[in-house]
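> Show me the folded form of this:
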Amino acid sequence: MSDSIRISSGEKKIEVNESGDFITLEMKNTTFMNGLLCLIKELETESNALSSRISQVEGGSIEEISATMAQAEEVCGKLAEKTDGLFGEGTCRKVFGEQAPGIYEFADFFGQIGTLIRKYGEEENAKAVEIVEKYKEKYAGKR
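Numbers count the residues shown, from 1 in each chain. Sure, this is the predicted structure:
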């Protein structure tokens, strides 16, 4: 019989629609997590800029409003590409359906993802402490 080890990947599958489709949070993948945090920061920056622009054009001309809507569409298109790039092709279709998501839908999605990251992060930290303590006790003073 051979020895074996298994290391948990920390992947968490999240159901995203009534059809049972899911996305995966790669909690221990630093590249994924950094990409996710950068995407959330970009959403925050872009939504603030759009909110500011929208408040400036309230009561403005059709041309000003149309230009602002075109900017929002461009921003959301980029966010959709980056979301699909991070979570996998077709993520936005799974999460938002066939309609292109707007800035509020992205804010809702990433807000919910943030809540799950905190939850799973706390679980992973508790497991890590347990593992460290287990081996600390087992090998204490055996150097």
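> can we go C-alpha only for contacts and neighbour counts from here?
Fine.
> For the protein, which segments count as helices?
For the chain, applying DSSP state H gives helices covering 30-57, 62-87, 91-96, 103-139.
> where does the protein have low pLDDT?
Scanning the chain for pLDDT under 70 picks out the ranges 141-143.
> if we can go back for a sec, between the helices of the chain, which one is closest to residue 16.
The closest of the helices of the chain to residue 16 is helix 91-96. By C-alpha to C-alpha, the value is 5.4 Å.
> Could you pull up phi and psi at residue 27?
Main-chain dihedrals, residue 27, degrees, to the nearest 10: phi -60, psi -30.
> Enumerate every residue touching it.
Residue 27 makes contact with 9, 10, 11, 12, 33, 117, 120, 121, according to C-alpha atoms under 8 Å, 6 or more residues apart in numbering.
> what's the most distant pair in these?
Spatial extent of the contacts of residue 27 (C-alpha to C-alpha) is set by the pair 9 and 117 at 14.7 Å.
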